[in-house]
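[1] Got a predicted model here, sequence first, then my questions.
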Amino acid sequence: MSQTSERASTVSVEKPWSDPARFPSRAMAIADLGIVAALHDDVFGPGALTRAAYRVREGHGPLSPYCRVLCDGGTVIAAIKYTAITIGGRADALMLGPLMVAGRYGSQGHGRRLISESLKAARDGGIKLVLLVGDAPYYARFGFQPVLPMG
């Protein structure tokens, strides 16, 4: 699935929406990587790192400027990561994922908020394409659509 920056500005997101005053978000820092790794294991299980999307992320730095975390007090409860990718010689693309929300915080709009905030930052930062391997119905609300095979 992919999204171009032109489509992102027309997407509406339904409620519930995470309360920014109660659950502030911020750029992910190197110091967050351990807790984000633990959150990842809790959400996806240890076998997730064998999936094909993780092979694409190998060899890239652990953070892009668009990675974000969402906190409850001082505790990270949700995170979104992006990997810079090059497509057709152009370096203005990202691979979204993983998006993770701690179980007890699910279905409260935290994931939607992180996606919306980070996609806006990516668009503002000159990113033209965001690619992901994920749940089509969930991500469609953000303007993502399947990419058809060539040929």
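    All right, it came through fine. As the structure is a prediction and not an experimental result, all values here were calculated from the model.
[2] Grab the longest helix from this structure for me.
    Longest helix in the chain, counting residues (DSSP state H): helix 110-124.
[3] How about it, which residues are buried there?
    Burial within helix 110-124, assessed by neighbour count using 16 or more other Cβ atoms under 10 Å, is assigned to 110-119, 122-123. The way it works is simple: take the backbone N, C-alpha and C, and place the C-beta from them, glycine included.
[4] contact partners of it?
    With Cβ atoms under 8 Å, 6 or more residues apart in numbering as the test, helix 110-124 has contacts from 3, 5, 8-9, 13, 17-18, 20, 23, 25, 65-68, 70, 77-80, 82, 94, 96, 99, 101, 130, 139, 141-142.
[5] Can you say which of those residues are buried?
    Neighbour counting with 16+ other Cβ under 10 Å marks 3, 5, 8, 18, 23, 25, 66-68, 70, 77-80, 82, 94, 96, 99, 101, 130, 139, 142 as buried within the contacts of helix 110-124.
[6] from those, which ones fall inside strands?
    3, 25, 68, 70, 77-80, 82, 94, 96, 99, 101, 130 (DSSP state E).
[7] now, the most widely separated pair of those residues?
    When Cβ to Cβ is used, the two most widely separated members of these are 3 and 77, lying 24.8 Å apart.
[8] Next, count neighbours for residue 37.
    The burial metric for residue 37, expressed as a neighbour count using other Cβ atoms under 10 Å, is 13.
[9] Which other helices and strands does the helix or strand harbouring it contact?
    Secondary structure assignment for residue 37, by DSSP states H and E: helix 33-44. In terms of contacts (3 or more Cβ pairs under 8 Å, 6 or more residues apart in numbering; DSSP states H and E), helix 33-44 is packed against strand 75-87, strand 90-101.
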